[in-house]
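Engineer: need the 3D shape of this:
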Amino acid sequence: MHVQVIKAQSRRKLLSETRRLLGPDALILSVRKEPGSKPGEFEWEAVVGMDPNDGELATNVVKKLPVPDQRPPRLELITDVPREAPAPAPKPAPAPKRDLSPVVIHPAAQKLMEVRSNLTQELGAVLETRGQNSDGLLRMGQRLAQLESDLLTSLMQELDIPIRFVPVLRDLYSSGYPEGEALRLLSMVRHHTDGDNDIEMARFKSCLRKVIRREVKVADTENDNKPGVSIFVGSSGVGKSAMAAKLAADLRVTKDARPVLGVLKPNRAIGVALMRRYADCLDLDFVQIRTRLQLEHLVEMAKHTRVILDTPGISPFDEGRLRSLRKTLDAIPNADVHTVVSNSMGQTDVLCALDAFGHVGADQFAVTRLDEAPYPGRVLTAAARSGLSLSYLSNGTQIPDDLVRPRLKKLLSSVLEPKRAIAS
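Structural biologist: Presented below is the predicted three-dimensional model:
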C-alpha cells in the first residue's frame, strides 16, 4: 500500500480533494487538525493509503500528491513510498489561545472522579442483572461514600483547608462547579486570609464571594431598549432563536419598546419562518439581512431603534463559516454580540464555543436551559475562564417570563445558599 498525506484549509476541502485525486475507494487512515499560519486559522491533514495494484491511475496520483514536511510518527517504518525533496518552508506559528483563568486540578481530584466513575459503572451493571442484590448495592454505595470522604479529607489537608469548611466545598460541587475549580477557589480564599485557621464560616464565605466577584463580569443590560443592535450567535440547537424572541418580547412588554426582530444571513427557510412568526405575535417589524446594502440599511436603522437579530447555527470547528460571520459582524459597528450556550453542555464544549465565537467578535454570552441543568456554578466557571461578560439567562421555555437578567449577588447566593432560586 502507498501512503501519502493531503492537506487542506478545511475538513470539507480535505475530503473533496481526497476524492478528486484518489476516487471514492481511497482509504483514509487518519485525519487531524493543526493550527494554521494565521491566528484563528487551522489546517487539516489526512493520511491516505491506496493499493498499488489499482493500476496506472494509482501510480500517477501518488506522484501528484504533495510531499509532507515530515512523516507521521505512526508510519515511521514505511519505506516504499516514492518521495520528492520537500520544499523549505517556515514552520507555522501556533494559533494564539485566549487567556483563560488558571485552574489548579489536584491529582487526587482526578482520582476521585475515576473512583466515582468506576463504581457508577459497577452499579449500573448490577442494576441491569435480573437478580438485583439490594445488600450488594448498599455496600457499594457505602464504599463509594467512604472513598469520597477519605479522598476529600486528604485533599483538604494537603491544601491546608480546615475540615470544617467541607460543607462549602460540597455546596460548590452541588452548584455545578468542577472539582478542580472548586478546590482552586478555596485555596485562593486561604491565601487571602493568610491561612488563618480560626477564621469564622461567615467571613470565609464572604471572602469566597469577593474572590468569585473579581473573576466574573456581568453585562449591564438595563439600557438594552435603547437604539443599537443585539446579535445572538452560537451552535445549532442551543436556543438562539428563543433567546432573541424572549428579549424582544421582554422589551415590548416590560419596557414598552418596539424593537425590530430579524435574521442575519439566513440559510434555512424554517428559521426565517419561525422568527417571522415571533415578530407577528409580538406585533413587531421583521427584517432579513442578506446583502451588503441591507447591512448598510441595518446600521442606519440601529441609530433610531433596537434591532434584535438571530443567526444560523455554526459549529465552533467550522473555520470557513466563522470567518464569514466575522466579516459580516465587522460591518456592524458597536453591535452587542452574544454567544448563546446551553447549561446542559459539558464544560469543555461551553468553553470551546465561547472561545470560537469570541474570535469573531462576541464579547458577551447568554446561557439557556437552566431549568434542565440548574447549576449556576457552571455559569460562573464559564464566565471566569472565558473572560466574557454574562448577559442573559433562560430559565425555561415561557416567552418572555423565563428571561433573566442576572445579578452577580443573587448568582452567588444561589451557589452558597442552595435553597435560594437561581438568580431570582
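Engineer: C-alpha only now, for contacts and for neighbours.
Structural biologist: OK.
Engineer: is it true that Cys316 touches Ser235?
Structural biologist: For the record, residue 316 is Pro, not Cys. Yes: when contacts are counted by CA atoms under 8 Å, Pro316 is listed as touching Ser235 (7.0 Å).
Engineer: which residues are in contact with both of these two?
Structural biologist: Listed as contacting both Pro316 and Ser235 by CA atoms under 8 Å, 6 or more residues apart in numbering are Ala353.
Engineer: the helix or strand hosting Leu351: which residues count as buried?
Structural biologist: Following DSSP states H and E, one finds Leu351 within helix 347-358. Residues of helix 347-358 classed as buried by neighbour count (16 or more other CA atoms under 10 Å): Gln347, Val350, Leu351, Ala353, Leu354, Asp355, Ala356, Phe357, Gly358.
Engineer: check what pLDDT the first one gets.
Structural biologist: Meaning Gln347. The model reports Gln347 with a pLDDT of 85.
Engineer: where's it relative to Val341, distance?
Structural biologist: When distance is defined by CA to CA, to the nearest Å, Gln347 is 10 Å away from Val341.
Engineer: hey, where'd the helices end up in this protein?
Structural biologist: 11-22, 56-64, 107-128, 134-158, 166-174, 179-192, 201-215, 240-254, 269-282, 292-301, 319-330, 347-358, 376-386, 408-416 (DSSP state H).
Engineer: out of the ones you listed, nearest to Glu45?
Structural biologist: Nearest to Glu45 among those is helix 11-22; the distance by CA to CA comes to 7.3 Å.
Engineer: tell me the angle the closest one makes with helix 319-330.
Structural biologist: Relative orientation of helix 11-22 and helix 319-330, computed by axes from the mean of the first three to the mean of the last three CA atoms, to 10 degrees: 140 degrees.
Engineer: now do helix 11-22, average pLDDT.
Structural biologist: For helix 11-22, the mean pLDDT works out to 75.
Engineer: which helices and strands does it pack with?
Structural biologist: Where contact means 3 or more CA pairs under 8 Å, 6 or more residues apart in numbering; DSSP states H and E, helix 11-22 is packed against strand 2-8, strand 42-50, helix 56-64.
Engineer: could I get the shortest one in PDB with only the CA atoms?
Structural biologist: Only the C-alpha atoms of strand 2-8 are listed here, as PDB (Å, rounded to 0.1, in the frame of the first residue of the first chain):
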ATOM      1  CA  HIS A   2       1.200   3.500  -0.900                       C
ATOM      2  CA  VAL A   3       0.700   6.100   1.900                       C
ATOM      3  CA  GLN A   4       0.600   9.800   1.400                       C
ATOM      4  CA  VAL A   5      -0.500  13.000   3.100                       C
ATOM      5  CA  ILE A   6      -3.100  15.500   1.800                       C
ATOM      6  CA  LYS A   7      -3.500  18.900   3.400                       C
ATOM      7  CA  ALA A   8      -6.300  21.500   3.100                       C
END
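Engineer: what's the burial count for Gly237?
Structural biologist: Neighbourhood size, Gly237 [other CA atoms under 10 Å]: 11.
Engineer: once you drop chain neighbours, what's closest to it?
Structural biologist: In space, and not counting its chain neighbours, Gly237 is closest to Gly313: 7.5 Å by CA to CA, 6 or more residues apart in numbering.
Engineer: tell me the most buried of the helices of the chain?
Structural biologist: Ranked by mean neighbour count, the helices of the chain are led by helix 376-386 with a mean of 23 (mean count of other CA atoms under 10 Å).
Engineer: C-alpha coordinates for that helix, CSV please?
Structural biologist: Coordinates of the C-alpha atoms in helix 376-386 are reproduced here as CSV (Å, rounded to 0.1, in the frame of the first residue of the first chain):
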residue,chain,number,x,y,z
PRO,A,376,-25.1,28.2,38.5
GLY,A,377,-21.6,27.1,39.2
ARG,A,378,-21.2,26.1,35.6
VAL,A,379,-22.2,29.6,34.5
LEU,A,380,-19.8,31.3,36.9
THR,A,381,-17.0,29.0,35.9
ALA,A,382,-17.6,29.8,32.2
ALA,A,383,-17.6,33.5,32.9
ALA,A,384,-14.4,33.3,34.9
ARG,A,385,-12.4,31.2,32.5
SER,A,386,-13.5,32.9,29.3
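Engineer: wait, Asp355 sits on Ser386?
Structural biologist: Yes: applying CA under 8 Å, one finds Asp355 in contact with Ser386, separated by 7.0 Å.
Engineer: how about Ile314: what's its closest non-neighbour residue?
Structural biologist: Closest residue in space to Ile314, ignoring its immediate chain neighbours: Ser235 at 4.8 Å, by CA to CA, 6+ apart.
Engineer: how near is that neighbour to Lys7?
Structural biologist: For Ser235, the distance to Lys7 - CA to CA - is 26 Å.
Engineer: more neighbours, the two?
Structural biologist: Neighbours were counted for Ser235 and for Lys7 using other CA under 10 Å; Lys7 has more, 23 against 19.
Engineer: I'd like to know the beta-bridge partner residues of the more buried one.
Structural biologist: Glu45 (DSSP bridges).
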